[in-house]
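1. What follows is a predicted protein model with its sequence.
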Amino acid sequence: MHRFQHAIPAGLIALVGLWVCYVSYTQTPAAAFAFPRLISTVFVVLALWTFFKALRDGAAQDGGFNRQEIVNIAPGLALAVVYVFWGANFFGFYTGTALAFFILLTWYDPADHRQLRSWVMRAIITAGFIAVMYCLFALILNVYTPREIWS
């Protein structure tokens with residue numbers, strides 16, 4: 001089992017990538033899914049490469065995550081799952097992304113949470129991130145995003 005400890009999660013990620021890629025290629029209109037198709041294809045290629053590399057070199061790799069690393073990663077992973085399966089559709093792409101980004105930034109930011117300046121910086125960084133996302137998806141790529149809850 002030790003030999004496959006890296007191949008099992010890599011294989012699961014590759015399966016998720018294949019599913020996302022399949023979904024992106026079966027949706028219409030095709031123009032709206034051009035960017036997701038490109039990203040999902042790259043994601044699948046990298047995931048399959050990682051999977052086969054883990055199968056080939058599995059026993060030669062280190063032991064994986066320790067307990068503290070898992071505890072550090074768990075809140076971000078939980079928030080990502082909530083965002084993907086519920087938040088983006090409920091709040092809409094931009095509002096959901098802003099909330100998720102602000103929560104992640106607050107959780108992992110080492111700045112003092114008792115100072116107003118750190119909260120202002122987090123808000124400015126989140127607004128800048130969302131502005132870049134909006135310019136990229138809505139203005140440059142013309143990609144359809146989930147509708148906002150209030151529209």
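-> The structure has been received and is ready for your questions. Note that the coordinates shown come from a computational prediction; the quantities given were computed from them, not determined experimentally. Numbering: from 1, shown residues only.
2. Please count neighbours and contacts with C-alpha atoms only from this point.
-> OK.
3. Show me where this structure has its helices.
-> Secondary structure of the chain (DSSP state H): helices at 7-26, 34-57, 67-82, 88-91, 93-108, 116-134.
4. other SSEs contacting the first one?
-> The one in question is helix 7-26. Secondary-structure packing of helix 7-26 (3 or more CA pairs under 8 Å, 6 or more residues apart in numbering; DSSP states H and E): helix 34-57.
5. what comes up buried for the helix it packs on?
-> Within helix 34-57, the residues that count as buried by 16 or more other CA atoms under 10 Å are 34-37, 40-41, 43-44, 47-48, 50-51, 54-55.
6. Show me the contact partners of stretch 10-18.
-> The contact list for stretch 10-18 (CA atoms under 8 Å, 6 or more residues apart in numbering) reads 40, 43-44, 47-48, 50-51, 54.
7. for that stretch, the distance to its chain's centre please.
-> For stretch 10-18, the distance from its own C-alpha centre to the chain's C-alpha centre is 14 Å (CA atoms, centre = their mean, to the nearest Å).
8. Now that stretch: average pLDDT?
-> For stretch 10-18, mean pLDDT rounds to 89.
9. again, but for stretch 66-84
-> pLDDT averaged over stretch 66-84 gives 86.
10. I'd like the distance from the one helix or strand in the chain whose mean pLDDT sits lowest to the chain centre, please.
-> Across the helices and strands of the chain, mean pLDDT, DSSP states H and E gives its lowest value to helix 88-91, namely a mean of 82. Helix 88-91 sits 15 Å away from the centroid of its parent chain (CA atoms, centre = their mean).
11. what do you get for stretch 75-92?
-> Distance of stretch 75-92 from the chain centroid (CA atoms, centre = their mean) equals 10 Å.
12. list the buried ones in that stretch?
-> 76, 80, 83, 87-92.
13. Let me have those in JSON lines, extended by distance to Ala138.
-> Output for those, formatted as JSON lines (distance: CA to CA, whole Å):
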{"residue": "Gly76", "distance to Ala138": "26"}
{"residue": "Ala80", "distance to Ala138": "22"}
{"residue": "Tyr83", "distance to Ala138": "20"}
{"residue": "Gly87", "distance to Ala138": "19"}
{"residue": "Ala88", "distance to Ala138": "16"}
{"residue": "Asn89", "distance to Ala138": "17"}
{"residue": "Phe90", "distance to Ala138": "19"}
{"residue": "Phe91", "distance to Ala138": "17"}
{"residue": "Gly92", "distance to Ala138": "13"}
